[in-house]
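K.L.:
Let's see this in three dimensions:
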Amino acid sequence: MAKIISRIRPTYLYEEAIRRYQELLKIKVELEVSLEKAPPGKIHVIRSKNRTQFYLRMKKTDLMGEYISKSDALRLRTYIQKAYDEKILKHLDRELSILESFLRKSNCFLEGPAQIQTKDQVKGPAQIPTTNFIKVSRQFD
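P.N.:
Just a heads-up that it's a prediction; the model follows:
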């Protein structure tokens, strides 16, 4: 039995989870800043008879909204990017909560999520301190 255990390679799962968590926090802050700067409203895409039409809805109660021509590519791109960022942020939050739960259960996570800069404090790329994380010892080295 000892021979089998000695052949098991070490795993760096916890270090990878911590690295991923920190990376996702950085991206989350950048997305929140981007969404804050985005113009109000949502894009609504309608496909019918081999055509695609884009409408800008300013309120949720708007049924159709304002038509945006395909020739107004910059405006379309801005609203489509905003919609994409909102969806990514939702998935990011889910993955962050799963990673945080995993790290808490494995005792690799100290006193709540890492303290990061708020979106008001960000002037460049986000800097995330690593002091709230325990370095995982490599037990099999």
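K.L.:
Quick one: the strands in the protein, in order.
P.N.:
For the chain, the strands defined by DSSP state E cover 42-48, 51-57, 66-68.
K.L.:
Kindly spell out which helices and strands sit in contact with the shortest one.
P.N.:
Applying 3 or more C-beta pairs under 8 Å, 6 or more residues apart in numbering; DSSP states H and E, one finds that strand 66-68 makes contact with strand 51-57, helix 73-105. For the C-beta atoms, the positions are set from N, CA and C on the backbone; glycine is no exception.
K.L.:
Dump these into CSV; add distance to E32 and mean neighbour count as well.
P.N.:
Shown next, in CSV, are those (distance: least, C-beta to C-beta, whole Å; neighbours: other C-beta atoms under 10 Å):
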stretch, distance to E32, mean neighbour count
strand 51-57, 22, 15
helix 73-105, 7, 14
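K.L.:
one step back: how about the strands of the chain in a markdown table, adding distance to R104?
P.N.:
A markdown table is the format used below for the strands of the chain (distance: least, C-beta to C-beta, whole Å):
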| stretch | distance to R104 |
| --- | --- |
| strand 42-48 | 35 |
| strand 51-57 | 40 |
| strand 66-68 | 45 |
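K.L.:
between the ones you listed, which gets nearest to R19?
P.N.:
strand 42-48 (34.0 Å; C-beta to C-beta).
K.L.:
Residues in contact with that closest one: which ones?
P.N.:
Residues outside strand 42-48 that contact it (C-beta atoms under 8 Å, 6 or more residues apart in numbering): 52-57, 64-65, 68, 76, 79-80, 82-83.
K.L.:
7 Å instead?
P.N.:
52-57, 65, 79-80, 83 (C-beta atoms under 7 Å, 6 or more residues apart in numbering).
K.L.:
Over to stretch 63-77?
P.N.:
44, 53-58.
K.L.:
Looking at those, spot the one nearest I88.
P.N.:
H44 (19.0 Å).
K.L.:
Just send the helices and strands packed on strand 66-68 back as TSV, with distance to L25 and mean pLDDT too.
P.N.:
Below are the helices and strands packed on strand 66-68 laid out as TSV (distance: least, C-beta to C-beta, whole Å; pLDDT from 0 to 100):
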stretch	distance to L25	mean pLDDT
strand 51-57	31	91
helix 73-105	7	93
